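A.B. asks: Curious how this folds, go ahead:
(one chain, ligands or ions: 1)
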Amino acid sequence: MAEGEKRCRLVVVYHPDFAVHGYPALRERIAPAFEELRSRGILEGEGIRLLEAVPAEEELAEAVHTEGHIQGVKRSGYYRVALLSAGSVIMGAEEVARGRAEAAFCFTGTAGHHASRDGFWGFCYLNDVAMALLRLRREGMGKRVAVVDIDPHFGDGTRDILGGDPDVLHVNFHSGYVMGETDGPHNLDLVLPHDAGDARFLEAVEKAVAAAEEFRPELLFVVFGHDSHRDDYGAFELGDGVYREFALRLKRAFPSGVVYVLSGGARPHVARRAIGDVVEVLAG
Ligand SMILES: [Zn+2]
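C.D. replies: Numbering: from 1, shown residues only. Down below sits the predicted model:
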């Protein structure tokens, strides 16, 4: 951080292309959720900076994924918006890792946690968190990192790429459908019933926070899917207030050094409330 430069409370990273070129199931919520931040007055608040995402370098995607993977993503038609989504996460992570912001919330148009080294599915094309971590490490940052994935689907891509890393804690909420390898030095799977409500979820959050506290990461990514809401498409039956409660509990343990990465979720009314509440907590 340059001398005299003031550390801000929160950066929000956004790009209007996410709402236009993002994966169809994910993109309808983007503009309403962003509008919600405006209507709550969050983006005009003191200590809040809004940044426009720029695409990640292709070389970074090529370093994380195989050649065949990249060719497949190019054929999908989502390569450009996946690079832009990863670029959003990289930008937020760099702001936090460099000490220019205490926290970041990164919008995306495609998700990342089902993108392995050599395979992708479930609206995920490039592993945004893995690309951001590689970028940070090349710059001498992000040595010890926690990834807390509260999207209700198993984060198989992140597990594939980062699960064996001795300096990564991967906490993975899911509803029992396990994919791929799960072994690794610091992997914690929190399995909840398919119809888990707020109480069960928050019990698991306590375990996740305790594990992260014990691990002492210098940076913590939250893979934030609100597809766990009862009105949205994923497992769990979470209610309206639970995402604020999650963000509050995490902030109590980690008041800084946290990067939220938007993951699953489709319904605009859910996104407005969930994203609005989380960003409001981070901005407070
Ligand atoms: Zn999901």
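A.B. asks: Count the neighbours of the residue in the chain positioned nearest to the ion for me.
C.D. replies: Closest contact between the chain and the ion, by CB to the ion, is at G264 (2.9 Å). In short, each C-beta sits where N, CA and C put it, glycine included. Using other CB atoms under 10 Å, the number of residues around G264 comes to 25.
A.B. asks: Same question for R75.
C.D. replies: 9.
A.B. asks: do H174 as well
C.D. replies: Using other CB under 10 Å, H174 is surrounded by 22 other residues.
A.B. asks: what do you get for M179?
C.D. replies: With other CB under 10 Å as criterion, M179 counts 18.
A.B. asks: Wait, a strand at it?
C.D. replies: No. M179 sits outside any strand when classified using DSSP: H, G, I helix; E, B strand; the rest coil, being coil.
A.B. asks: List the buried residues for the host helix or strand of E214?
C.D. replies: Using DSSP states H and E, E214 falls within helix 198-215. The neighbour-count check on helix 198-215 (16 or more other CB atoms under 10 Å) flags 198, 200-201, 204-205, 208-209, 211-212, 215 as buried.
A.B. asks: Reformat those residues as CSV; add distance to the ion.
C.D. replies: Formatted as CSV, the buried residues of helix 198-215 follow (distance: CB to the ion, whole Å):
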residue, distance to the ion
D198, 18
R200, 17
F201, 14
A204, 16
V205, 17
A208, 16
V209, 21
A211, 21
A212, 20
F215, 24
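A.B. asks: Turn these into TSV, including pLDDT.
C.D. replies: As requested, these are exported to TSV (pLDDT from 0 to 100):
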residue	pLDDT
D198	98
R200	98
F201	98
A204	98
V205	98
A208	98
V209	98
A211	98
A212	98
F215	98
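A.B. asks: Would you point out the most distant pair within the residues you listed?
C.D. replies: The span of the buried residues of helix 198-215, defined through CB to CB, is set by D198 and F215 at 25.3 Å.
A.B. asks: Tell me the helices and strands packed up against the helix holding E214.
C.D. replies: If contacts are counted by 3 or more CB pairs under 8 Å, 6 or more residues apart in numbering; DSSP states H and E, helix 198-215 sits against strand 145-149, strand 168-174, strand 187-191, helix 242-253.
A.B. asks: Could you grab the helix/strand/coil label for the residue of the chain closest to the ion?
C.D. replies: Classified using three-state DSSP, G264 is coil.
A.B. asks: got a list of what it touches?
C.D. replies: 26, 111, 122-123, 151-153, 225-227, 232-234 (CB atoms under 8 Å, 6 or more residues apart in numbering).
A.B. asks: what's the span of stretch 99-117, first residue to last?
C.D. replies: Start-to-end span of stretch 99-117 (CA to CA, to the nearest Å) is 30 Å.
A.B. asks: Pull out the buried residues from it.
C.D. replies: So stretch 99-117, judged by 16+ other CB under 10 Å, has buried residues 100-116.
A.B. asks: Can you flag which of those residues belong to strands?
C.D. replies: Judged by DSSP state E, the buried residues of stretch 99-117 include 101-106 as members of strands.
A.B. asks: Within range of the ion, give me the residues from the protein.
C.D. replies: 151, 153, 225, 227, 234, 264 (CB under 5 Å from the ion).
A.B. asks: Point out where this protein drops to low pLDDT.
C.D. replies: The chain contains residues with pLDDT under 70 at 1-5, 181.
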